[in-house]
Structures are given as C-alpha cells and as structure tokens.
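J.: Here is a sequence together with a model predicted from it:
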Amino acid sequence: MKPENPAEGILKTNEWEDSKWYHIRCECGDDDCSHEVNVEADEVDVSVHIYVKNHTRWWKMNRWRQIWQILTKGYAEMETTIVLREQVALNYAAALTNAVNDVKVYRDKRKQERAKNSNN
C-alpha cells in the first residue's frame, strides 16, 4: 500500500508557512475519538502537538469514586482511543512526514532571510 493524495481519514484544516493542522478521523466516525494534530517549526526545532478529548472510564467507577480520585490524587484517569485502518495509518504517517519536511523548509528559508537582512 502507498499513501494517498488526497488522503482518506486525514483532513488538513489549516496551513501557515510554519504550521500545519490536521483532523484525524477515527474509523468509527465519532468525533469524540478523532484528534487534531499541529506540526510547527520554531527557530530551533519541529514540534508535533496532538489534541484529543479524553473520557473517564465510566464503566470502571461511579461519579463518587471519580470525585474521590480527583480530591485525593488531584486528577481523574481518562483515556481515548483512535482506530485507523491500514490505509489511513499510512496516510497519517505520510501527512506527518510531509508536514515536518515542509515546516523545516520554511524555517530554514526564514533563517536565511534573517541572516541576509542582518548582513545588509
């Protein structure tokens, strides 16, 4: 299998020269399982930020146990799952690879422009 273009399951939602945003859809189709990915370059490095909606383990504990956990530990345990078919997983990997390369190119171009401007 090869990555697709346009990619099934991967939606580019926004793009700036130093940042790209994607919406990754879960196979089940529920947006509660989907997540957002931001790939951005700064002066030093490239970062990938993944945003998900977490859910409590409602089948394991009732609300009082969750409240007690928050009071005693300071947090509630939550989890999220995303299911990707093979093609969508390949598309996801290719989208991340391409985004990282694209923002690196922009970062390097920006550095060269700054160096050129500082020499003038």
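T.: Here it is on my side, so go on.
J.: For the rest of this, base every contact and every neighbour count on C-alpha atoms.
T.: Will do.
J.: and residue 48, what does it touch?
T.: Contact analysis of residue 48 by CA atoms under 8 Å, 6 or more residues apart in numbering lists 37-40.
J.: Out of these, which is nearest to residue 67?
T.: residue 37 (30.5 Å; CA to CA).
J.: Could you say which helix or strand holds the nearest residue to that closest one once chain neighbours are set aside?
T.: Leaving out its chain neighbours, the residue that sits closest to residue 37 by CA to CA, 6 or more residues apart in numbering is residue 50, at 4.6 Å. Using DSSP states H and E, residue 50 sits in strand 46-52.
J.: and that strand, which strands flank it?
T.: Next to strand 46-52 in the sheet, as set by DSSP bridges, lie strand 35-41 (antiparallel).
J.: For the partner strand, which outside residues touch it?
T.: 18-25, 46-53, 96, 99-100, 103-104, 107.
J.: Can you get me a residue count around the residue nearest to residue 37?
T.: The number of residues packed near residue 50 is 14, by other CA atoms under 10 Å.
J.: Flag the shaky bits of the protein, pLDDT-wise.
T.: 6, 56-61, 120 (pLDDT under 70).
J.: Any figure for the gap between the residue nearest to the spatial centre of it and residue 44?
T.: Nearest residue to the geometric centre of the chain (CA atoms, centre = their mean): residue 37, 1.9 Å. From residue 37 across to residue 44, the span is 20 Å (CA to CA, to the nearest Å).
J.: where does the lengthiest helix in the chain sit relative to the chain's centre, distance-wise?
T.: Determined from DSSP state H, the single longest helix within the chain is helix 86-119. The chain centroid and the centroid of helix 86-119 are separated by 15 Å under CA atoms, centre = their mean, to the nearest Å.
J.: between it and strand 35-41, how many degrees?
T.: Angle of helix 86-119 versus strand 35-41, following axes from the mean of the first three to the mean of the last three CA atoms, to 10 degrees, is 30 degrees.
J.: Okay, buried residues for helix 86-119 please.
T.: 87-92, 94-96, 99-100, 102-104, 106-107 (16 or more other CA atoms under 10 Å).
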